[in-house]
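>>> Structure, please.
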Amino acid sequence: MRLRICWLALAVLFAPAAMAEEDGVALVKVLEGSAFTIQSGDRQALEVGQPIFRSDVVETASGSVGLTFKDGTRISIGPNSRIELKEFEFSPKDNKLAFLVHIIKGTMQYISGVIAKLSPESVRIETPVATVVVRGTRFLAKVEGE
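Below is the predicted model:
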């Protein structure tokens, strides 16, 4: 009986972490035209309400996509763009906060969420030529070329 209770307690303790990753770190909130996610080399068309996970690459063709992250951060990705979500950690009670996006090409608008308010140095946007450390609440970035 005690062994069953211990296993049940362990399952309850570790289930939220597994479910959090299972649900993704962001959701597609707005989608116009065509956009895709690339996960482990597998390319899939995006749909409104679809989760986005750590290490996903989001790519737009002629369309645009708006993502909302678990901390309230919002990014809008313009046409002919490609971004990679490199890092996302949102566990304020454990003091684990991180947001790192790499803009490979195209345009992206960023609107800060809770991570930027609690730990501004934990938010970074990379481009092929520079890394931006966010100190404000909103900005637009454009990366030209391939």
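
>>> which is the next helix or strand following the helix or strand bottoming out on mean pLDDT in the chain?
Lowest mean confidence among the helices and strands of the chain (mean pLDDT, DSSP states H and E): helix 2-22, at a mean of 39. Next in sequence after helix 2-22, counting helices and strands by DSSP states H and E, comes strand 26-32.

>>> Which neighbouring elements make contact with that following strand?
Packing contacts for strand 26-32, counted by 3 or more Cβ pairs under 8 Å, 6 or more residues apart in numbering; DSSP states H and E, involve strand 51-52, strand 64-69. The C-beta positions use only the backbone N, C-alpha and C, and glycine is treated the same way.

>>> Output the below-cut-off pLDDT ranges for this protein.
1-22, 133-136, 146 (pLDDT under 70).

>>> Can you check which strand is longest in the chain?
Longest strand in the chain, counting residues (DSSP state E): strand 96-111.

>>> other SSEs contacting it?
strand 74-77, strand 82-91, helix 114-118, strand 123-126, strand 138-143.
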